[in-house]
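Asks: Got a predicted model here, sequence first, then my questions.
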Amino acid sequence: MTIPVMTAIADPRREAELAAGVDGGSELTLVRRCVDIADLLAAAAAGLAQAVVVSEDLRMLDAAAVRRLTDVGVGVVGLVPGGDASAEHRLRQLGVGQIVAAPVDPQLLGEAVSRAVGGLDRDHSLDRILDWSAAPYPPRAAAAPIAAAGPDPLPQLEPGRVIAVWGPAGAPGRTTVAVNLAAELADLGAEVIAVDADSYGGTVAHLLGVLDEAAGLAAACRHANHGMLDAASFAGLALSVRPRLRLLTGITRADRWPELRPSALTTVLARARTQAAFVVVDCGFCLEQDEELAYDTEAPRRNGATLAVLDAAEVTIGVAAGDPVGLARYLRARSELTEARSSGELITVVNRVRRGAIGPGDPQPEIAAALERYAGITTAVMVPDDPAATDAALAEGRLLCEVAPKSAVRHAIRGLAARLIDAPAASRRGILTALRGTR
Ligand SMILES: Nc1ncnc2c1ncn2[C@@H]1O[C@H](COP(=O)(O)OP(=O)(O)O)[C@@H](O)[C@H]1O
Ligand SMILES: [Mg+2]
């Protein structure tokens, strides 16, 4: 059995050399010489080969292209000029795990191709992503041996937890909860990075009173896509808004959504985890995956950003508005959410809980009963409606802990933060407020 291999090599002389090498080794068959990255991606999607050898200087080779190749099951082997440590670094940061140096030894090439094909299922593990994003770029000394250029020191041993704050359409208060939860976590002593990943246009910067058109998250995604997101570049993009609280601002215009590429966003979150105990992400609301698009891994997907965040998150906070319409929307969207999330905890937060919207009685037991009856949700956190407090916060671009420290809404969100901080990583059951008996 031979492995069908394609090449995409910028330099024709190198390409000819490599072709001779492939023919010389017994276990590889050269099925196509691709002229550029578009040709390569099309051939990979068509299933022509199991592996590809790409040269480091191939135009438009970036992390998204590598991800697309591995997504369709093609193992990627990088080709670098012999002794070029910086070229090897660049490829590794793009997610290429197997590297061979020119002039190519056919046996080493065969081994690298087998490993690339065999290792596909590991390619997007968190370890790998951390590996790429933790490696310094550019290497401190180009001539230094590769082994000496280790990852930059991580400020903490335990990687931080990603908390996705999600909710259906209809403004249930995702951003209010996300921003104030991040602030309360920081206030309680944790290092926190807030990330605005709403692909329909973020408002986190507004709520925090930060004027920033630069969209730190989009810039971080660009860096990640080029394999250049290291600790220093990340630090430069995250704005300090309060002690222990930093912010990656979002896209302010909805039409910029393609800048939040899912593969890059995953790398950004992996990097953020190395810098904070909590990474609180305000997500978009939409989850539906268009049938056709779901099969076409090359088509950009607007909801890809949300899906990438939910996939990375240990904890998802699902925000529902505490009225009949809001609860119905939440319960409908929640079934899509369960499909999108492979693992992790879901905490339901019912926001704007108020007497009158549900019926004349005490709203909490009514909502609790409805959640249990229709969705089997037995635990949730209730956040009261408190327009005086949230309006004051909105008007001033400040946090609830600043403008209304004694408000009931602040108190509820702080309670959630306290539970998240206390919860041991292994068991997060303690985060939840038991619904039964809440009054
Ligand atoms: N607990 C609350 N009480 C009163 N108003 C709230 C509460 N939470 C959010 N709001 C208000 O609801 C509106 C939408 O909130 P926002 O957080 O922007 O929603 P989303 O991010 O889901 O679109 C804002 O005007 C906000 O001040
Ligand atoms: Mg919002």
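Replies: Structure's in. What do you need? Ligands and ions are numbered 1, 2, ... in the order given.
Asks: list the contacts for residue 103?
Replies: Neighbouring residues of residue 103 by Cβ atoms under 8 Å, 6 or more residues apart in numbering: 17, 21, 82. C-betas here are computed from N, CA, C, even on glycine.
Asks: where's the spatially closest residue to the last one that is not a sequence neighbour, which helix or strand?
Replies: Closest residue to residue 82 in three dimensions, ignoring its sequence neighbours and counting by Cβ to Cβ, 6 or more residues apart in numbering: residue 101, at 4.2 Å. Using DSSP states H and E, residue 101 sits within strand 98-102.
Asks: Which elements pack onto that strand?
Replies: When contacts are defined as 3 or more Cβ pairs under 8 Å, 6 or more residues apart in numbering; DSSP states H and E, strand 98-102 sits against helix 12-24, strand 75-81, helix 85-93, helix 106-118.
Asks: rewinding a little: closest to ligand 1 among the contacts of residue 103?
Replies: Among the contacts of residue 103, residue 82 lies closest to ligand 1 (Cβ to the nearest ligand atom), at 53.1 Å.
Asks: right, and the closest one touches residue 102 too?
Replies: Yes: contact status for residue 82 versus residue 102: in contact at 5.8 Å, counting by Cβ atoms under 8 Å.
Asks: if you count what's nearby, which of these two comes out ahead?
Replies: Between residue 82 and residue 102, residue 102 has the larger neighbour count (other Cβ atoms under 10 Å), namely 20 against 9.
Asks: Give the bridge partners for that one, please.
Replies: Beta bridges link residue 102 to residue 81 when assigned by DSSP bridges.
Asks: and it, what does it touch?
Replies: By Cβ under 8 Å, 6+ apart, the contact set of residue 102 is 14, 17, 18, 79, 80, 81, 82.
Asks: where's it relative to ligand 1, distance?
Replies: Relative to ligand 1, residue 102 is positioned 52 Å away (Cβ to the nearest ligand atom, to the nearest Å).
Asks: rewinding a little: what about the residue nearest to residue 82, how many residues nearby?
Replies: Other residues near residue 101 come to 16 when the count uses other Cβ under 10 Å.
Asks: Ok, residue 243 next?
Replies: Neighbours of residue 243 under the rule other Cβ under 10 Å: 9.
Asks: surely it meets residue 186?
Replies: Yes: here residue 243 reaches residue 186: they are 6.7 Å apart, a contact under Cβ under 8 Å.
Asks: Which secondary structure element is home to the nearest residue to residue 404 once chain neighbours are set aside?
Replies: Ranked by Cβ to Cβ, 6+ apart and with sequence neighbours excluded, the top spatial neighbour of residue 404 is residue 389, at 3.7 Å. Element membership for residue 389 (DSSP H and E) is helix 387-396.
Asks: other SSEs contacting that helix?
Replies: Using 3+ Cβ pairs under 8 Å, 6+ apart, the elements in contact with helix 387-396 are helix 174-187, helix 400-403, helix 408-422.
Asks: Indicate which one of those is closest to ligand 2.
Replies: Within the helices and strands packed on helix 387-396, the stretch nearest ligand 2 is helix 174-187; the backing value is 3.3 Å (Cβ to the ion).
Asks: Check the offset of that closest one from the chain's centre.
Replies: From the chain centre to the centre of helix 174-187 is a distance of 19 Å (Cα atoms, centre = their mean, to the nearest Å).
Asks: just the strands in the stretch 151-300 of the chain please.
Replies: For the stretch 151-300 of the chain, strands defined by DSSP state E, counting those that start in this stretch occupy the ranges 161-166, 192-197, 239-242, 245-248, 278-283.
Asks: Need those strands in TSV (columns: mean neighbour count).
Replies: Shown next, in TSV, are those (neighbours: other Cβ atoms under 10 Å):
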stretch	mean neighbour count
strand 161-166	27
strand 192-197	30
strand 239-242	17
strand 245-248	26
strand 278-283	30
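Asks: worst average pLDDT in the ones you listed?
Replies: Lowest mean pLDDT within the strands of the stretch 151-300 of the chain: strand 239-242, at a mean of 90.
Asks: circling back to that earlier point, which of the helices and strands packed on strand 98-102 sits most buried?
Replies: Scoring the helices and strands packed on strand 98-102 by mean neighbour count under mean count of other Cβ atoms under 10 Å gives strand 75-81 as the most buried, with a mean of 25.
Asks: any idea of the mean pLDDT for that strand?
Replies: Averaging pLDDT along strand 75-81 yields 95.
Asks: One more: stretch 353-367?
Replies: Regarding stretch 353-367, the rounded mean pLDDT is 90.
Asks: Stretch 385-392 now?
Replies: The model assigns stretch 385-392 a mean pLDDT of 96.
Asks: what's the offset of that stretch from the middle of its chain?
Replies: In terms of Cα atoms, centre = their mean, the centre of stretch 385-392 is found 31 Å from the chain centre.
Asks: is it up against ligand 2 anywhere?
Replies: No: judged by Cβ under 5 Å from the ion, stretch 385-392 stays clear of ligand 2, getting no closer than 12.5 Å.
Asks: Export that stretch to PDB, keeping only CA atoms.
Replies: Taking Å, rounded to 0.1, in the frame of the first residue of the first chain, the C-alpha atoms of stretch 385-392 are listed here in PDB:
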ATOM      1  CA  ASP A 385     -34.600  43.100  36.400                       C
ATOM      2  CA  ASP A 386     -33.000  46.300  37.500                       C
ATOM      3  CA  PRO A 387     -33.300  49.000  34.800                       C
ATOM      4  CA  ALA A 388     -32.200  51.800  37.100                       C
ATOM      5  CA  ALA A 389     -28.800  50.100  37.700                       C
ATOM      6  CA  THR A 390     -28.200  48.900  34.100                       C
ATOM      7  CA  ASP A 391     -29.300  52.200  32.600                       C
ATOM      8  CA  ALA A 392     -26.900  54.100  34.800                       C
END
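Asks: That one and ligand 1 in contact?
Replies: Yes: using Cβ under 6 Å from any ligand atom, we find that stretch 385-392 touches ligand 1 at 385, 386, 387, 390.
Asks: just the angle between the helix holding residue 389 and helix 174-187, please?
Replies: Using axes from the mean of the first three to the mean of the last three Cα atoms, to 10 degrees, the inter-axis angle of helix 387-396 relative to helix 174-187 is 80 degrees.
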